[in-house]
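>>> Turn this into a model:
(one chain, ligands or ions: 1)
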Amino acid sequence: MALLDLAPRSFEEYVASGGGRGLEIALGAGQEAVIEEVAKSGLRGRGGAGFPTAEKWRAIRSTGTGTRFAVCNGAEGEPATFKDRLLLRTNPYQVLEGLAIAAYAVGAERAYIGVKETFDQEIKALSRALEEMRQADALGGIPIQAVLGPDLYLFGEETGLEEVIEGRLPMPRMARPFMQGLFASPPNENPTLVNNVETLANVAHVLADGPDWLRSRGTDTSPGTMVFTVCGDVRREGVFELALGTPLRYLVEELAGGPPEGRSIKAIFPGASNTVLTLGELDVPMDFDSLRQFGSGLGAGGFALFDDSACMVKAAYLYSRFLYVESCGQCPACKFGTGEVTKSLAKIESGGESDLDLESILIHAKGSTDGQKCALPTGESLLMQSVVQVFADEFRTHIGGSCPLPRDLTFHKIVDWDQSAGRFVYDLTYASKQADWTYAT
Ligand SMILES: Cc1cc2nc3c(=O)[nH]c(=O)nc-3n(C[C@H](O)[C@H](O)[C@H](O)COP(=O)(O)O)c2cc1C
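Coordinates of the predicted model:
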């Protein structure tokens, strides 16, 4: 069984299909044994970094002072990504069961799940599942609370998420949650676990069916499946659950049907957090280590495609602008660097720049990470430097003239999935969001 195989309409249906066994087994096995099962499975976090899940759990259980907490990160905001939302819509029970297991394993006193207040369908599915599971006493005795927060990218950053749970805006903290967690105040460090929705959905199955359930698919170092998103210039956009290690080509050509008739693929942006991929890299296996070897990263498994009719200056502008707008401004190099890159790209795109040196974009993109509290500017640095370098000729041709590829491009901030059209719905208001997080009227 895979994560998206079941879409139970009620907790009763979830239990009838074998749901709930993972938590039962976990509670009977004891905390150490649960962590050991997860370690044997080789599960790695699906939130972007691919960090070994059991290692994180062990650190939280065994270090620090004060009260422990567990948090499910359901604030999905990576461009070109819609997997957590689909998982929450399809089967919120397995996510909550995974969270209950994680909370038990690390010795948490309370657990939270953070989702954006704009996620109407997910909130509905989650609230109903929480209520049903509470009534059936199926959460392992540790209270779980859903927290709704703003439509800001940094809400998904783990320390930004902690801030939202504490009632503030998602301004990232310096200390990671395992060092200084929720509601911490000296001498209490309150080590806090933060795991992604998909990571926790896997946990429920690992406990129910054993580590081999995960290891029966995927690679040695990236076991299991991943729920991939593919969008942009393809015939069929969508979300597909595939074994880790599946070549990117299969997702792009077989499942998404490749680029529109008569067009060819030019660039693939793996969300806004990693380097650009091109046609020559289509055979890369989609797992954490292979993409890293290519100098890129799997991120949250979302891929945005641009075909040969798309202007790379415009594409880079849209993604840099996103990171600039979403940057919180606590780290000057991040807000300044993303802003400078965005400004230069806008000037090139409008033909208003005749002697811009591409080197200055590279320097500002690279410098945006100086003194960073969180990894948002790492995305700017990796993606912008790679796009400018790979498409340097196109950029040079563009400088000082009008856009040679004037087609409109949509920024891949997904707000919904239109099943009947087989297309994602994008946030068309995003162009009016400003760098102080307000919207221009
Ligand atoms: C700017 C930024 C945005 C992020 N957004 C998300 C997100 O929407 N969902 C998510 O699970 N992780 C996101 N992350 C990663 C989290 O900080 C964290 O690493 C993750 O939730 C850990 O879960 P995992 O170990 O299960 O992968 C983001 C990180 C950064 C720097």
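>>> Which residues are in contact with the residue in the stretch 201-350 of the chain that the ligand sits nearest to?
With CB to the nearest ligand atom, the shortest gap between the stretch 201-350 of the chain and the ligand falls at residue 300, namely 6.5 Å. Using the backbone N, CA and C atoms, a C-beta is placed for each residue, glycine as well. Counting by CB atoms under 8 Å, 6 or more residues apart in numbering, residue 300 makes contact with 46, 47, 48, 76, 78, 81, 83, 84, 196, 229, 271, 273.
>>> Would you mark the buried spots in stretch 107-119?
By neighbour count on 16 or more other CB atoms under 10 Å, the buried set for stretch 107-119 is 107, 108, 110, 111, 112, 113, 114, 115, 116, 119.
>>> To clarify, my last question referred to stretch 157-173.
Within stretch 157-173, the residues that count as buried by 16+ other CB under 10 Å are 157-165, 170-173.
>>> Show residues contacting that stretch.
47, 71, 73, 75, 112, 114, 147, 149-150, 152, 154-155, 175-177, 180-183, 192, 194, 328, 330, 373-376.
>>> Could you check how far it is from the centre of its chain?
When C-alpha coordinates are averaged (CA atoms, centre = their mean, to the nearest Å), stretch 157-173 and its chain have centres 16 Å apart.
>>> what do you get for stretch 309-318?
Relative to the centre of its chain, stretch 309-318 is centred 22 Å away, using CA atoms, centre = their mean.
>>> what does stretch 289-307 give?
12 Å.
>>> Regarding that stretch, how distant is the last residue from the first?
Start and end residues of stretch 289-307 are separated by 27 Å (CA to CA, to the nearest Å).
>>> mind listing what's buried in that stretch?
Across stretch 289-307, burial judged by 16+ other CB under 10 Å covers 289-291, 296-307.
>>> now stretch 264-282
265-277, 281-282.
>>> Check stretch 39-56 too.
39-50, 53-54, 56.
>>> out of those residues, which are inside strands?
Counting by DSSP state E, no part of the buried residues of stretch 39-56 is found in strands.
>>> Tell me which two in the residues you listed are the farthest apart.
Maximum pairwise distance in the buried residues of stretch 39-56, criterion CB to CB, is 23.5 Å, between 40 and 48.
>>> Near residue 434, how many residues? Count them for me, please.
For residue 434, the count of nearby residues is 9 (other CB atoms under 10 Å).
>>> Quick check: closest non-adjacent residue to it.
Once flanking residues are discounted, residue 434 sits nearest to residue 440: 5.7 Å by CB to CB, 6 or more residues apart in numbering.
>>> Residue 432 is in contact with the one you found, correct?
Yes: the pair residue 440 / residue 432 is scored as a contact, 4.5 Å apart, by CB atoms under 8 Å.
>>> so where do the helices sit in the stretch 251-400 of the chain?
288-293, 312-326, 332-349, 358-367, 376-390, 392-398 (DSSP state H, counting those that start in this stretch).
>>> buried stuff in the last one?
When neighbours are counted by 16+ other CB under 10 Å, the buried residues of helix 392-398 are found to be 394, 395, 398.
>>> Who are the packing partners of it?
helix 312-326, helix 332-349, helix 358-367 (3 or more CB pairs under 8 Å, 6 or more residues apart in numbering; DSSP states H and E).
>>> swap the cut-off to 10 Å and go again
helix 312-326, helix 332-349, helix 358-367, helix 376-390 (3 or more CB pairs under 10 Å, 6 or more residues apart in numbering; DSSP states H and E).
>>> can you list the residues of the stretch 151-300 of the chain near the ligand?
Selection of the stretch 151-300 of the chain residues close to the ligand by CB under 6 Å from any ligand atom yields 153, 154, 156, 157, 158, 194, 195, 196, 199.
>>> Please tabulate those in TSV and include pLDDT, distance to residue 406 and secondary structure as additional columns.
Below are those laid out as TSV (pLDDT from 0 to 100; distance: CB to CB, whole Å; DSSP: H, G, I helix; E, B strand; the rest coil):
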residue	pLDDT	distance to residue 406	secondary structure
153	98	28	helix
154	98	33	helix
156	98	33	helix
157	98	35	coil
158	98	40	helix
194	98	43	strand
195	98	44	strand
196	98	38	strand
199	98	42	helix
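>>> Give me the subset of the contacts of stretch 157-173 lying in helices.
Cross-referencing those against helices under DSSP state H gives residue 376.
>>> Show me how to select, in PyMOL, the buried members of the contacts of stretch 157-173.
Restricted to buried positions by 16+ other CB under 10 Å, the PyMOL selection for the contacts of stretch 157-173 reads:
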select buried, resi 47+71+73+75+112+114+147+149+152+154+155+176+177+180+181+182+192+194+328+330+373+374+375+376
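>>> SS state for the residue nearest to residue 426 when sequence neighbours are not counted?
In this structure, residue 426 finds its nearest non-sequential neighbour in residue 410, 5.1 Å apart by CB to CB, 6+ apart. Here residue 410 is coil, with the state taken from DSSP: H, G, I helix; E, B strand; the rest coil.
>>> How far does stretch 321-336 stretch from one end to the other?
Using CA to CA, the end-to-end distance of stretch 321-336 comes out at 12 Å.
>>> What of stretch 250-261?
One end of stretch 250-261 sits 18 Å from the other (CA to CA).
>>> buried stuff in it?
250, 251, 252, 253, 255, 256, 258, 259.
>>> Go ahead and confirm the fifth one touches residue 247.
Spelled out, it's residue 255. No: with contact defined as CB atoms under 10 Å, residue 255 and residue 247 do not form a contacting pair (11.4 Å).
>>> Give me the number of neighbouring residues for the residue nearest to residue 426.
15.
>>> Please report how far the residue positioned nearest the centre of the chain lies from residue 292.
Most central residue of the chain, judged by C-alpha distance to the mean C-alpha position with CA atoms, centre = their mean, is residue 300 at 4.0 Å. Remark: distance between residue 300 and residue 292 (CB to CB, to the nearest Å) = 15 Å.
>>> How about residue 430?
Taking CB to CB, one finds residue 430 at 30 Å from residue 292.
>>> What residues of stretch 432-441 count as buried?
433, 437.
>>> could you give the mean pLDDT of it?
For stretch 432-441, the mean per-residue pLDDT is 96.
>>> Likewise for stretch 258-276?
Per-residue pLDDT over stretch 258-276 has a mean of 96.
>>> Now do the end-to-end distance for that stretch.
17 Å.
>>> residue ranges with poor pLDDT in the chain?
Low-confidence segments of the chain (pLDDT under 70): 353-355.
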